[in-house]
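Engineer: got a sequence here, can you build the structure:
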Amino acid sequence: MRKVLGGLVLALAVVGLARLGADAAFPAQVKVTGGAVKGAVTDGVLSFKGIPFALPPVGDLRWRPPQPVVPWTGVKEATAYGHDCAQKPVAIDAAPLGTEPSEDCLVINVWRPAEKKGALPVMVWIYGGGFVNGGSSPAVYDGSQFAKQGVVLVSFNYRIGRFGFFAHPALSAEHPGEPLGNYALMDQIAALQWVQKNIAEFDGNPKDVTVFGESAGGMSVHALLTSPAAKGLFHKAIIESGGGRSGLLTMRKLHEDQPNQPSAEAVGVAFAKSNGIEGTDAAALKALRALPTDKVVAGLNFMTMGGANGTYVGGPILDGKIMVESVEASYKAGHNMKVPMLVGANSLDIGFSFAKTMDEVMKPFGPDAEKALAAYDPNKTGNLQAVGYQVAMDRIMIEPARFTAKVFAGQGQPSYLYRFSYVAESIRAKTPGAPHATEIPFVFDTVKAKYGAALTAADEAAAKAANAYWANFAKTGNPNGAGLEKWPAYKADTNMLLDFTTEGPKAIADPWQTRMDLTEAAATRGQ
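Structural biologist: Numbers count the residues shown, from 1 in each chain. Now for the predicted structure:
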């Protein structure tokens, strides 16, 4: 009897140890490049915030590629966000910053389940903000819900505005062998390299990384997919309202002027002159680096950037190393990374039209102008503002998303197209569709942080669905899963997409197909 009892106790002990091993907490302290960091557990999620992934890009490192961190001693507390990058915040930002902006901002954040789970898929978020605003600290970017889905969620900061994109002849002369101009993209690549080197310490799988971003973040994903410097750093891609054609991603050349488009260096010289700095020698560069942070920002944000073209390049630069050709040209030539793609835009996305007459609105459609007018104004309202907005939105966001889906599907990759039409119940009476960036709190399932007491059960259900689709895609390259409306892969001959409607996600043939075909034809004629 004693032997039997002893064996039973031993068996129970083994089972208990096995269960303990399966449910054991992941250590809150890990070793990364630079040293040890300690995170914190909240509601079943272990997070690490504000981990440096590069030296502060200040002083002589302003307008230099990100440099390796200097190792620290002891254990660095990683329980609070680091500074977001230097900028002039906008009061109406859909994702307001949670920290004070600073040039010392190159930090990374990680969320994972608090319990051990084995090697997990990784998602890396790139924020938007027109390349002049944004950061990783906004509450709507919290990665906890993705962690609860069994994903390691990573976010990070990258330089923006004139800190992120800048060129000057003195910079080109200082380090001629270095990549130049695209410091924002260099930061993004450095963050992805950090993930490759360190994410296994968080039980993330470095061979299963999905990069995703919205607006300028989506544009960044396009850039990374077509940059030789980013090759192999990720394995799937999600693009939210990021365009895809050259209309939104028109890039200046580094040294060479183009018709009506001065070179990036010429823009840098103009900025220097606006601050009383003449010449293109080392003394001029020293004076530029000595400018106070606010003098470099100079009021630039996404409300004022339209008037700053003479002193700001506006985004990615064709430098020959990071960006070697336009995104659209790269896609058409098949030079891009071949990865599974999930892409889409919102039903009331960005659209800028300055046309003064309906004829001006329809002019880009050329011989299809009458067909276009019938498609965009079927009830013959003559509403110039509404029609102009829709035409511009399709050209900037909606059709380029379809173009991207079509490219990747044509390359034999799983490709999924969406349209986000869901509008939170509390603001439904104020907007006829889902404005730009409003899908983000649904994707992250952070709608409570966004809508607070106005949040409804329908809003919560929409967020659960969106978050699940995104997480499923990160896990398998296919967004589908149990309990979800089936999302068909995109095929050019069927034009099926998933529409996130106010009645829930619905797989449909694109009701805007005629508009898309006309916009595609106009884009092709314009090249």
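
Engineer: where does the stretch 1-150 of the chain dip in pLDDT?
Structural biologist: Applying pLDDT under 70 to the stretch 1-150 of the chain flags the ranges 1-23.

Engineer: so Asp104 versus Glu214, what's the distance?
Structural biologist: 25 Å (Cβ to Cβ, to the nearest Å). All C-beta atoms are positioned from the backbone trio N, CA, C, and that covers glycine.

Engineer: should've said Glu370
Structural biologist: In this view, Glu370 and Glu214 are 36 Å apart by Cβ to Cβ.

Engineer: which of these two has more neighbours?
Structural biologist: Counted by other Cβ atoms under 10 Å, Glu370 and Glu214 do not tie: Glu214 has more neighbours, with 30 against 10.

Engineer: can you pull the contacts of that one?
Structural biologist: Tyr127, Gly128, Glu240, Ser241, Gly242, Ala437, Glu439, Ile440 (Cβ atoms under 8 Å, 6 or more residues apart in numbering).

Engineer: cool, and Thr514?
Structural biologist: Here Thr514 is in contact with Lys371, Ala375 (Cβ under 8 Å, 6+ apart).

Engineer: grab the nearest non-local neighbour of Tyr158.
Structural biologist: Excluding the flanking residues, the one nearest Tyr158 by Cβ to Cβ, 6 or more residues apart in numbering is Asp187, at 3.7 Å.

Engineer: surely that neighbour is in contact with Phe163?
Structural biologist: No: the criterion here is Cβ atoms under 8 Å, and Asp187 misses it with Phe163 at 9.7 Å.

Engineer: surely Arg442 is within a helix?
Structural biologist: For residue 442 the amino acid is Phe, not Arg. Yes: the assignment for Phe442 is a helix, going by DSSP: H, G, I helix; E, B strand; the rest coil.

Engineer: quickly note the distance from it to Asp493.
Structural biologist: 30 Å.

Engineer: the more surrounded of these two?
Structural biologist: Phe442 (25 against 5).

Engineer: ok, that one - contacts?
Structural biologist: Phe442 neighbours (Cβ under 8 Å, 6+ apart): Phe420, Tyr422, Asp459, Ala462, Ala463, Ala466, Asn467, Phe500.

Engineer: Ala28 now?
Structural biologist: Taking Cβ under 8 Å, 6+ apart as the test, what Ala28 contacts is Lys38, Gly39, Ala40, Val41, Leu46.

Engineer: I'd like the next helix or strand past the least confident helix or strand in the chain by mean pLDDT.
Structural biologist: When the helices and strands of the chain are scored by mean pLDDT, DSSP states H and E, helix 2-23 comes last with a mean of 39. Following helix 2-23 in sequence order, the next helix or strand is strand 29-32 (DSSP states H and E).

Engineer: can you dump the C-alpha atoms of that following strand in CSV for me?
Structural biologist: Provided in CSV are the C-alpha atoms of strand 29-32 (Å, rounded to 0.1, in the frame of the first residue of the first chain):
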residue,chain,number,x,y,z
GLN,A,29,13.6,40.2,-16.9
VAL,A,30,15.3,39.4,-20.2
LYS,A,31,18.7,40.2,-21.8
VAL,A,32,18.7,42.2,-25.0
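
Engineer: so what are the sheet partners of it and their directions?
Structural biologist: Paired strands of strand 29-32, with direction, are strand 35-38 (antiparallel) (DSSP bridges).

Engineer: what lines up beside the helix or strand just after the strand it pairs with in the sheet?
Structural biologist: Using DSSP H and E, the helix or strand that follows strand 35-38 in sequence is strand 40-42. The strands that strand 40-42 pairs with in its sheet are strand 45-52 (antiparallel) (by DSSP bridges).

Engineer: distance between the partner strand and the chain's centre?
Structural biologist: Distance of strand 45-52 from its chain centroid, counting by Cα atoms, centre = their mean, to the nearest Å, is 19 Å.

Engineer: with stretch 481-497 instead?
Structural biologist: Counting by Cα atoms, centre = their mean, stretch 481-497 comes out at 23 Å from the chain centroid.

Engineer: give me the mean pLDDT for it.
Structural biologist: Per-residue pLDDT over stretch 481-497 has a mean of 97.

Engineer: do the same with stretch 205-220
Structural biologist: 98.

Engineer: run through who's touching stretch 350-359.
Structural biologist: By Cβ under 8 Å, 6+ apart, stretch 350-359 touches 215, 241, 361, 369, 373, 377, 382, 384-385, 387-397, 436.

Engineer: among these, which lie within strands?
Structural biologist: Judged by DSSP state E, the contacts of stretch 350-359 include no members of strands.

Engineer: weed out the non-buried ones from the residues you listed.
Structural biologist: 215, 241, 361, 369, 373, 377, 384, 387-397, 436 (16 or more other Cβ atoms under 10 Å).
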